[in-house]
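# what shape does this take:
(chains A and B)
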Amino acid sequence: MSKRRSRREFLSAAAVLAAAASLPAGVRAQATKDLRGTEQDMRVAINHFTGSRPLAKGKVNLEVPPLVDNGNTVAISVTVESPMTEADHVRSIRIFSERNPEPIIMGFRLGPRAGRASVATRVRLADTQTLVAVAEMSDGTYWFGSAPTVVTIASCLEEI
Amino acid sequence: MSNALVTVPKTAKKGEIIEIRTLVSHNMETGYRRTERGVPIPRDIVRTFSCTYNGVEIFSAELRPAISANPYISFYTVATETGMIAFHWKGDNGFSVSSSAHITVT
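Numbering: from 1, shown residues only, chains lettered A, B, ... in the order given. Got it, this is the predicted structure:
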């Protein structure tokens, strides 16, 4: 069934194609916008971790570079002031993000055998934001430290 | 693809705090990326890391998509006795890698 297309049919088909081609970009832009988290998302995640118990500022030193060129690989470290003895040690540490698609970046479990409550890793950052590290102590108290960072090239949301 | 690199001191004094550095090769596909056609790329990440010292777990970590490709983790432990420090990574799609290092404690 081969039928010669009229000029009108050809033009309308071309218009549909053009509309379809422009659509994915819009859809993608929408998806990118929705993926980034908010400060509220981070608060909810922190409250979930602490069981809404009081959170005190201090003891936790979170080191993040103040200016990040490439959000795909950012070296960060967390050090918690603690004698790391059987009676007084850090049980766990969690790192939170305001603007990444997921508010939890990573969690660590440690104990008196660590000797020193200090961990380092490399993370992805989706945007300029403040990171928060929360430490759970063996006495059941929670402490936090935070660090702001400016990200020039974001991670996570790019296409391939 | 499944290579791990760990740095543990070969020898240490009893009671000394030693640094352990680990790296495992993995893409850490976040699950948030799309192809240029807009098709979501499924998540494929390392989910957990654990370290045992002569069979006793001394440190563990829960990894999320925010961890960079080829996850790097460093931490400390007290050198208590001569023996094996072992490392395990587990992840999506049955990813499982182990590595170990011997330490002599004097």
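# mean confidence score for the longest strand seen in chain A?
The longest strand of chain A (DSSP state E) is strand A:142-153. For strand A:142-153, the mean per-residue pLDDT is 95.
# find the nearest non-adjacent residue to the spatially most central residue of chain A, please.
Compute the mean C-alpha point of chain A, and by CA atoms, centre = their mean the closest residue is A:Asn100, 3.2 Å away. If the residues on either side of it in the chain are set aside, A:Asn100 comes closest to A:Ala126, at 4.7 Å by CB to CB, 6 or more residues apart in numbering or on different chains. All C-beta atoms are positioned from the backbone trio N, CA, C, and that covers glycine.
# same check on A:Val119?
B:Phe75 (4.8 Å).
# ok now whichever strand or helix holds the one you found, how far from the chain's centre?
Element membership for B:Phe75, per DSSP states H and E: strand B:72-78. Computed by CA atoms, centre = their mean, to the nearest Å, the chain-centroid distance of strand B:72-78 equals 10 Å.
# same question for stretch A:141-148.
Per CA atoms, centre = their mean, the displacement of stretch A:141-148 from the mean C-alpha position of its chain is 16 Å.
# just stretch A:75-94 next, same as before
21 Å.
# put the alpha carbons of that stretch into CSV.
Extracted as CSV, the C-alpha positions of stretch A:75-94 are listed here (Å, rounded to 0.1, in the frame of the first residue of the first chain):
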residue,chain,number,x,y,z
ALA,A,75,36.8,14.3,49.2
ILE,A,76,35.2,14.8,52.6
SER,A,77,36.1,13.6,56.1
VAL,A,78,34.4,13.5,59.5
THR,A,79,36.2,13.5,62.8
VAL,A,80,34.4,13.2,66.1
GLU,A,81,35.9,14.2,69.5
SER,A,82,35.6,11.1,71.5
PRO,A,83,38.0,9.0,73.7
MET,A,84,36.7,5.9,71.9
THR,A,85,36.7,3.7,75.0
GLU,A,86,34.3,1.0,75.9
ALA,A,87,32.4,3.4,78.1
ASP,A,88,32.5,6.4,75.9
HIS,A,89,32.6,6.0,72.1
VAL,A,90,31.0,6.9,68.8
ARG,A,91,28.5,4.3,67.7
SER,A,92,27.6,5.6,64.3
ILE,A,93,28.0,8.6,62.0
ARG,A,94,25.7,9.7,59.2
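# in the strand holding B:Phe75, what's buried?
Neighbour-count burial for strand B:72-78 flags B:72-73, B:75-78 (criterion: 16 or more other CB atoms under 10 Å in any protein chain shown).
# can you tell me which two in those residues are farthest apart?
Farthest apart among these by CB to CB are B:Tyr72 and B:Val78. That separation is 22.0 Å.
# need the contact list for A:Thr85.
By CB atoms under 8 Å, 6 or more residues apart in numbering or on different chains, the contact set of A:Thr85 is A:Pro112.
# good, we can wrap up now.
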